[in-house]
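**Q** here is the input, now give the coordinates:
(one chain, ligands or ions: 1)
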Amino acid sequence: MKQQIRETTLEMIQGDITKAEVDVIVNAANSELIGGGGVDGAIRRAGGDEIEQACAEIRRREGGCPTGEAVITPGGNLHANYVIHTVGPVWQGGSSGEAELLASCYKESLRLAVDNNIQSIAFPSISTGIYGYPTEKAAVVALTAVKEFVIQDTIAPIVIQFVLFDEATHTCYLDALLTVF
Ligand code: ADP
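**A** The predicted structure is shown next:
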């Protein structure tokens with residue numbers, strides 16, 4: 001399903017984000033930038049050593065990446081030229097600033113993409129796996145953040161994809177699209 005926001009096309013796709021044919025794919029990383037499971041493991045396996053080394057360098061230089069922020073590395077063996085690693089909040093019941101931190105992940109990733117002149121970007125469903133954020137809630141936060149960024153900013157990527165791994169997550173994002181737009 002597609003949704004136009006100004007010059008930007010927002011696309012909802014069910015599939016494997018490591019195969020996305022975009023300039024940058026976003027990784028749901030941890031704050032240590034050390035390889036984990038889920039989408040992080042899949043991206044690192046597909047991208048290989050170059051991603052690993054770039055993450056190690058950021059770790060040495062900056063100590064990692066705080067929750068709600070984002071860093072960029074090369075894409076290694078991926079089709080994408082870059083990976084943006086952003087750290088989602090762990091769900092703690094919803095009153096610990098989770099929604100603000102999750103929105104910040106999407107906006108900071110888009111900001112980094114624009115700063116690097118990136119035209120197309122693919123997001124997974126950040127925080128809704130191991131970090132336990134309820135998917136229906138996360139989908140509304142995610143799409144609201146993207147909508148606000150595109151409406152408020154003078155420059156935004158031309159293509160913004162959400163690549164959702166499983167059918168249940170894909171369905172949640174399609175429902176959220178109807179709510180948010
Ligand atoms: P988090 O720790 O932020 O919760 P996870 O990687 O555990 O991150 O899960 C985030 C989402 O990514 C989940 O919906 C999971 O199903 C999904 N996911 C896992 N592998 C892939 C993949 N290859 N492509 C796209 N999404 C994936």
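
**Q** show me what from this protein comes close to the ligand.
**A** 16-18, 28, 38-40, 42, 88, 124-131, 163, 165-166, 169 (Cβ under 6 Å from any ligand atom). Backbone N, C-alpha and C define where each C-beta goes, glycine included.

**Q** again, only using 8 Å
**A** Within the chain, the positions lying close to the ligand (Cβ under 8 Å from any ligand atom) are 15-18, 28-30, 36-43, 88, 90, 124-133, 135, 163-166, 169.

**Q** of the residues you listed, grab the buried ones for PyMOL.
**A** Buried residues among the residues of the chain next to the ligand (16 or more other Cβ atoms under 10 Å), as a PyMOL selection:
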select buried, resi 17+18+28+29+30+36+38+39+40+42+43+88+124+125+126+127+128+129+131+133+135+163+164+165+169
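
**Q** the residues of the chain next to the ligand in helices, which ones?
**A** Among these, DSSP state H puts G38, V39, D40, G41, A42, I43, T135, T169 in helices.

**Q** assess the claim that the fourth one and I34 are in contact.
**A** No. In this structure, G41 is not within contact of I34 by Cβ atoms under 8 Å, at 11.0 Å.

**Q** is Q3 part of a helix or strand, or is it coil?
**A** Using DSSP: H, G, I helix; E, B strand; the rest coil, the structure places Q3 in strand.

**Q** and it, how far from Y173?
**A** 11 Å (Cβ to Cβ, to the nearest Å).

**Q** same question, D115
**A** Distance from D115 to Y173, by Cβ to Cβ: 26 Å.

**Q** tell me which of these two has more neighbours.
**A** When D115 and Y173 are compared for neighbours, Y173 comes out ahead with 25 against 10, by other Cβ atoms under 10 Å.

**Q** return the residues in contact with the nearest residue to that one once chain neighbours are set aside.
**A** Spatially, and ignoring its direct neighbours in sequence, Y173 is nearest to A139 (4.7 Å; Cβ to Cβ, 6 or more residues apart in numbering). Going by Cβ atoms under 8 Å, 6 or more residues apart in numbering, A139 touches S125, T169, C172, Y173, D175, A176.

**Q** now do G36
**A** Each residue near G36 by Cβ under 8 Å, 6+ apart is listed here: A29, N30, I130.

**Q** which among those gets closest to the ligand?
**A** Ranked by distance to the ligand (Cβ to the nearest ligand atom), the contacts of G36 are led by I130 at 3.6 Å.

**Q** what distance do you get for the closest one to G38?
**A** Going from I130 to G38 by Cβ to Cβ gives 6 Å.

**Q** what does Q161 give?
**A** 18 Å.
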